[in-house]
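S.K.: predicted model and sequence below, questions to follow.
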Amino acid sequence: MKTLPRVPLSSTGSLYIDGAWVEPHSTATIDVIDSTTEQVFYSVPDADVDDIDRAIAAARKAFDEGPWPRLSHAERAEVLLTIAEAVEQRIDDVVEIWPRETGILASSVGVVMQEVIETYRYYAGLATDFAFAEEVAPTNGAAFGMIVKEPVGVVGAIIPWNSPMGLLAWKVAPALLAGCTVVVKCSPEAPGAGYIMAEIADTIGLPPGVLNVVTAEREASEALVRDPRVDKIAFTGSTEAGKRIGGILGGRIARSSLELGGKSPAIVLDDFDVADAARIIAAAECFLSGQICASLTRVIVPEERHDAMVAALAEEFSRVTIGDPYDPTTRLGPVATARQRARVQDYIEIGRQEGAELAYGGGRPAHLDSGWFVEPTVFGRVAVESRLGQEEIFGPVLAVQPARDLDDAIRIANATEFGLNAAVFTHDSARVLAIARRLHSGTVGQNGNRADFGIGFGGFKRSGIGREGGVAGLQAYLENKTVVLDAPPT
């Protein structure tokens, strides 16, 4: 008999609200499916509007009446350090969960989890490094002025399925340091990270209502966005969902951070070896099966190098071993869900119909008859205005686009509604900087995907509003209050 995978979670039948594991109001459940076997891995409650209401009420009470916002930043930083230690102790549990939920390679989880741990430590360090209050000179004749940075209030953190542990950390850590209370809304596809964080909050004795964790589908999730008791929504997900959330929040003048989609270009200049560029780009596209918003999915090259680049990418993809994410020889696991696999396959068919040249991939690997696997795929001569060249696919599909010259390459790079990430492949750093100033992108890196949450990550245009990570990621959870006095306080 085949051994069932271990589910390293203690309370999957409950919701975490107001510092306790509680019975859900809803009787509906969500099955979390193993992306490799297509079998049910575990199930969690599907929170309804009443459950969301309870979580919001707990967070509101904890902010308005509880001790958390009234602690010093140093005291809250100590809690963040304790969370970091607790997360470190749960790495093996994340290895059991995350690959099954999303297809990430088990060998990659430890590296990503170190970044998660450092996120909590980084924001703990800002307790002393960031100026939460500073003296300023009044301009209206008063004797003394201050800017005090205070917590925005109750935060609704809506977490996507692709990298939940990391994206949860970049929201929860700065929010907690600022003094906010949080309702975490996990994705139905990958709630494991939220449950681990709820267990950590329970174990370390975080005050009731400071961190609440629920999993819900769209209707209940929208109740979180609409509720006037929630001061800010921090969302990572698709641009379409972000547009709806932004519209709702605009109607009630609520705060938001929206980290949305991308169709990020990699411009390969004539001094960079085509084979080296292909190796770097193809390897990055295999990470998390291409389910990364900042993934460099458009490769822009001079016309005379186009065919060589397509051939080099096809050669790199032909060497990729596809299969079980727990097998150390595997380089590409499945995508997260049946719906996601169907989406990727639809775009591959769209590429064919639009006349792009399919150079490699395009289907299910022949040796895998179960699991949501897609071959890594590369198309050549992808038209700028085509759907394949414009729309986010969120899977291991690359589009190569020829350019007449550098000006044309920059035009192509900027010719989408997105502006999340970009790269320029050249050995001349000064050239990269000059080109970066012309690219409409939240991040521009040299010779690879250099998205850096430690500095700050976010997009231009329809790739989002605001930044996550770095000092800017903390400022997103703070409100500036101007205080003007007749005399300096004693």
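M.R.: Alright, I've got the coordinates. Residues are numbered from 1 along each chain as shown.
S.K.: tell me what the longest helix anywhere in the chain is packed against?
M.R.: Determined from DSSP state H, the single longest helix within the chain is helix 106-129. Under the contact definition 3 or more Cβ pairs under 8 Å, 6 or more residues apart in numbering; DSSP states H and E, helix 106-129 sits against helix 73-89, helix 91-102, helix 164-178, helix 470-475. For glycine as for every other residue, the C-beta is placed from the backbone atoms N, C-alpha and C.
S.K.: now find how far off-centre the first one is within its chain.
M.R.: In this case it means helix 73-89. Distance of helix 73-89 from its chain centroid, counting by Cα atoms, centre = their mean, to the nearest Å, is 22 Å.
S.K.: tell me the most buried of the helices and strands packed on helix 106-129?
M.R.: helix 164-178 (a mean of 26; mean count of other Cβ atoms under 10 Å).
S.K.: now the strands: where do they sit in the stretch 301-450 of the chain?
M.R.: 357-360, 377-380, 397-403, 418-419, 421-425, 443-446 (DSSP state E, counting those that start in this stretch).
S.K.: I'd like the ones you listed laid out as JSON lines, including mean pLDDT.
M.R.: Formatted as JSON lines, the strands of the stretch 301-450 of the chain follow (pLDDT from 0 to 100):
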{"stretch": "strand 357-360", "mean pLDDT": "98"}
{"stretch": "strand 377-380", "mean pLDDT": "98"}
{"stretch": "strand 397-403", "mean pLDDT": "98"}
{"stretch": "strand 418-419", "mean pLDDT": "98"}
{"stretch": "strand 421-425", "mean pLDDT": "98"}
{"stretch": "strand 443-446", "mean pLDDT": "98"}
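S.K.: quick one: closest of those strands to Tyr477.
M.R.: strand 443-446 (21.3 Å; Cβ to Cβ).
S.K.: the very next helix or strand once past that closest one pairs with which strands, parallel or anti?
M.R.: With elements assigned by DSSP states H and E, the helix or strand that comes after strand 443-446 is strand 460-461. Strand 460-461 sits in its sheet next to strand 418-419 (antiparallel), going by DSSP bridges.
S.K.: so what's the spatially most central residue of the chain up against?
M.R.: The geometric centre of the chain, computed from its C-alpha atoms, lies nearest to Leu167 (Cα atoms, centre = their mean), at 4.7 Å. Residues near Leu167 by Cβ atoms under 8 Å, 6 or more residues apart in numbering: Ile159, Pro160, Thr236, Glu259, Glu468.
S.K.: of these, which is the most crowded?
M.R.: Ile159 (30 neighbours; other Cβ atoms under 10 Å).
S.K.: quick one, what contacts the nearest residue to that residue once chain neighbours are set aside?
M.R.: Closest residue to Ile159 apart from its sequence neighbours, by Cβ to Cβ, 6 or more residues apart in numbering: Leu168 at 5.1 Å. Counting by Cβ under 8 Å, 6+ apart, Leu168 touches Ala157, Ile159, Val184, Ala193, Gly194, Met197.
S.K.: quick check: which element contains the fourth one?
M.R.: Secondary-structure assignment from DSSP H and E places Ala193 in helix 192-204.
S.K.: by contact count, what packs against the next helix or strand after that helix?
M.R.: Tracing the chain past helix 192-204, the next element assigned as helix or strand by DSSP H and E is strand 211-215. On a contact count with 3+ Cβ pairs under 8 Å, 6+ apart, strand 211-215 meets strand 15-17, helix 49-64, strand 181-186, helix 192-204.
S.K.: the domain parsing of the chain - what is it?
M.R.: Per automatic domain parsing, the structural domains of the chain span 15-260+464-482, 264-452.
S.K.: redo the ones you listed as CSV? Include distance to Val7.
M.R.: Shown next, in CSV, are the domains of the chain (distance: least, Cβ to Cβ, whole Å):
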stretch, distance to Val7
domain 15-260+464-482, 5
domain 264-452, 15
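S.K.: now name the helix or strand holding Glu189.
M.R.: Glu189 is part of no helix or strand, with elements assigned from DSSP H and E.
S.K.: okay, now the closest residue to it other than its chain neighbours: neighbour count?
M.R.: Nearest non-adjacent residue to Glu189, counting by Cβ to Cβ, 6+ apart: Trp161, 3.9 Å away. Trp161 is flanked by 22 other residues according to other Cβ under 10 Å.
S.K.: can you tell me how far Trp161 is from Thr377?
M.R.: 21 Å (Cβ to Cβ, to the nearest Å).
S.K.: OK, contacts around Val95?
M.R.: Contacts of Val95 (Cβ under 8 Å, 6+ apart): Ala106, Val109, Gly110.
S.K.: one more time with 7 Å
M.R.: Residues in contact with Val95 (Cβ atoms under 7 Å, 6 or more residues apart in numbering) are Ala106, Val109.
S.K.: repeat for Ala59
M.R.: Applying Cβ under 7 Å, 6+ apart, the residues near Ala59 are Val154, Thr181, Val182, Val183, Gly209, Asn212.
S.K.: count the residues that sit near the third one.
M.R.: A total of 28 residues lie near Val182 under the criterion other Cβ under 10 Å.
S.K.: that one contacts Ile159, doesn't it?
M.R.: No: here Val182 lies out of contact with Ile159, judged by Cβ atoms under 7 Å, at a distance of 10.8 Å.
S.K.: OK, contacts around Pro208?
M.R.: Asp18, Gly19, Ala58, Ala62.
S.K.: any idea how far the last one lies from Leu4?
M.R.: Spelled out, it's Ala62. For Ala62 relative to Leu4 (Cβ to Cβ), the value is 38 Å.
S.K.: and if you look at the third one?
M.R.: Using Cβ to Cβ, one obtains 34 Å as the distance from Ala58 to Leu4.
S.K.: tell me which of these two has more neighbours.
M.R.: Ala58 (25 against 10).
S.K.: sorry, back to before: helices and strands around whichever helix or strand comes after the longest helix of the chain, which ones?
M.R.: Counting by DSSP H and E, the next helix or strand C-terminal to helix 106-129 is strand 133-136. If contacts are counted by 3 or more Cβ pairs under 7 Å, 6 or more residues apart in numbering; DSSP states H and E, strand 133-136 sits against strand 144-151.
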